[in-house]
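Chemist: okay, here's the prediction I keep looking at, along with the sequence it came from:
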Amino acid sequence: MKGFIGVLSLAKKVLEMNVKLLRVTEEGVNLVAEAARMSDASLTQSNKEIVELITDNDYSSVLEHIYFTFDLSEVSVSLSRHLLEHRIASHTARSTRYTEEEGFSYYIPKRLEREGKEEEARIYRDAMKSANEAYTKLRELGVAREQARYVLPMALHTHYVVTMNVRSLINFFMVRLCVRASPEIRELAMRMYKICLAEYPDILSRIWCRGFTLGVCPENKARPNTCPFKKLVPEKREVKGEFEEQARGIIEKELKKILIK
């Protein structure tokens, strides 16, 4: 009976991603500007102007003094693997070794929720149900959580706390706000960005995907028609092609100046 109830609860749980700000460095603009003046005494601009200069010119090491800590819930284990690619951060996830996962909630790709995808959605949900039944049965047979957890799917919802400095967040946003990013992590990036923008608009209003931030899109021909900047921001390959041959000549001359013994 316990396992049957777990399957029922599994079918009913359709939870939305939730992102909460736990901590943020206060008066970060002043902190960054003061640190920048310590490094370069010639800076006489206002704090706001210094921060804008630092952001626009990518003098971003000083931005590491500002930290954000987020509580992320109803995100998939698969997404958490992508988060780990952003290594200059502090990561803590709910442990499936110490947490009972019977009746787990899970991520459903939005494409499977569209009209005409009923069969695909059914197959997906059946797979989640089977995983839950296997996990539940193993636990009933006395199998430890740390062993039973291997049948759990990548879609399993987890709970996550991540701390990132603003320099790392800028990199995260530049990569994950791109329309080519995986849908779930792009949704996460959008939610985190909105929070960060409200806290530090002088910095984050100058940041979006790589195309917007850099002024050229490194996705080149891979950029899809769904990109809102496709007709506005040039491709990196297109811009670089205009000067690459001449620039290579300059590089060769520079290399000839280097004496190798």
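Modeler: Now that the structure is in, tell me what you want to look at.
Chemist: next one: phi and psi at the closest residue to residue 230 other than its chain neighbours?
Modeler: In space, residue 230 comes closest to residue 223 once its chain neighbours are excluded; the distance is 5.8 Å by CB to CB, 6 or more residues apart in numbering. Yep, even glycine has a C-beta here, placed from its N, CA and C like the rest. Comment: the main-chain dihedrals of residue 223 come out as phi -70, psi 120, following degrees, to the nearest 10.
Chemist: burial count for residue 223?
Modeler: Residue 223 is surrounded by 18 other residues when neighbours are defined as other CB atoms under 10 Å.
Chemist: wait, it touches residue 210, no?
Modeler: No: if you go by CB atoms under 8 Å, residue 223 and residue 210 don't touch, sitting 10.6 Å apart.
Chemist: overlap in contacts, those two.
Modeler: When CB atoms under 8 Å, 6 or more residues apart in numbering defines a contact, the residues bordering residue 223 and residue 210 alike are residue 217.
Chemist: residue 196 versus the nearest residue to residue 18 once chain neighbours are set aside, what's the distance?
Modeler: Nearest residue to residue 18, sequence neighbours excluded (CB to CB, 6+ apart): residue 73, at 4.6 Å. Distance, residue 73 to residue 196, by CB to CB, to the nearest Å: 18 Å.
Chemist: ok, now residue 204?
Modeler: The spacing between residue 204 and residue 196, counted by CB to CB, is 5 Å.
Chemist: repeat for residue 141
Modeler: With distances taken as CB to CB, residue 141 is found 46 Å from residue 196.
Chemist: neighbour count winner among those two?
Modeler: More neighbours surround residue 196 than the other of residue 141 and residue 196, with 24 against 8 (other CB under 10 Å).
Chemist: next one: phi and psi at the more buried one?
Modeler: Geometry field for residue 196 lists phi and psi as phi -60, psi -40, criterion degrees, to the nearest 10.
Chemist: wait, what's in contact with it?
Modeler: For residue 196, the contacting residues are 68, 166, 169, 173, 204, by CB under 8 Å, 6+ apart.
Chemist: can you list those in JSON lines and add distance to residue 116 and neighbour count?
Modeler: Putting those into JSON lines (distance: CB to CB, whole Å; neighbours: other CB atoms under 10 Å) gives the following:
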{"residue": "68", "distance to residue 116": "40", "neighbour count": "23"}
{"residue": "166", "distance to residue 116": "42", "neighbour count": "26"}
{"residue": "169", "distance to residue 116": "38", "neighbour count": "26"}
{"residue": "173", "distance to residue 116": "33", "neighbour count": "23"}
{"residue": "204", "distance to residue 116": "38", "neighbour count": "20"}
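Chemist: tell me the one of those residues nearest residue 107?
Modeler: The closest of those to residue 107 turns out to be residue 173 (CB to CB; 21.2 Å).
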